[in-house]
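Visitor: predicted structure and sequence below. I'll ask about it afterward.
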Amino acid sequence: MTFSRHWFKLLVVLWMLVIFWLSSQSSMPVPMPALFPGQDKLGHLIIYSILGLFVALAFCRDPKKGMCLLLTFSIALLYGISDEWHQSFVPNRDMSGWDLVADALGGLVGGFIARLLLLTRLVRLKS
């Protein structure tokens with residue numbers, strides 16, 4: 001399928017707003033049963049993987065270059081830092097270095113997924 005990069009730029013902004021909204025909640029809107037220790041880190045990884053995917057599809061010109069992965073990792077890391085800092089002001093929430101690690105790794109995973117989608121030509125982009 002062929003998509004315009006402009007749609008992915010919009011999705012980046014919208015997904016960042018979703019992340020901001022989620023981190024503004026004192027508790028999650030839908031309670032999650034505790035299935036295993038550290039399951040919230042998996043949530044961070046998935047949410048930031050989606051962000052990394054959108055970032056890569058919006059801004060990476062050549063998926064073969066390592067700069068694309070560096071970009072998705074960096075944006076996820078920087079946004080994760082701001083997200084963790086923001087959470088320190090929300091009641092019943094706090095900053096967590098491990099959450100930040102999961103955020104940054106999620107951005108990297110999203111970049112890898114975008115790379116696979118683009119290299120296998122499952123997704124095609126136009127400027």
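Guide: On my side now, so go ahead.
Visitor: and stretch 25-37, how far out from the chain's middle?
Guide: 19 Å (Cα atoms, centre = their mean, to the nearest Å).
Visitor: output it as PDB, nothing but the C-alphas.
Guide: Extracted in PDB, the C-alpha atoms of stretch 25-37 (Å, rounded to 0.1, in the frame of the first residue of the first chain):
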ATOM      1  CA  GLN A  25      -4.000   9.900  34.500                       C
ATOM      2  CA  SER A  26      -3.600   9.000  38.200                       C
ATOM      3  CA  SER A  27      -4.600   5.500  37.300                       C
ATOM      4  CA  MET A  28      -5.200   3.800  34.000                       C
ATOM      5  CA  PRO A  29      -8.700   4.300  32.500                       C
ATOM      6  CA  VAL A  30      -9.100   0.500  32.100                       C
ATOM      7  CA  PRO A  31      -7.700  -1.400  35.100                       C
ATOM      8  CA  MET A  32      -5.300  -4.200  33.900                       C
ATOM      9  CA  PRO A  33      -5.000  -7.400  35.900                       C
ATOM     10  CA  ALA A  34      -1.500  -8.100  37.100                       C
ATOM     11  CA  LEU A  35      -0.400 -11.000  34.900                       C
ATOM     12  CA  PHE A  36       3.400 -10.900  35.600                       C
ATOM     13  CA  PRO A  37       5.900  -8.600  37.300                       C
END
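Visitor: burial of residue 97, as a residue count?
Guide: By the measure other Cβ atoms under 10 Å, the count of residues near residue 97 is 8. Placement of C-beta: from N, CA and C, glycine included.
Visitor: same deal with the one 3 residues further on?
Guide: The tally of other residues near residue 100 (other Cβ under 10 Å) stands at 19.
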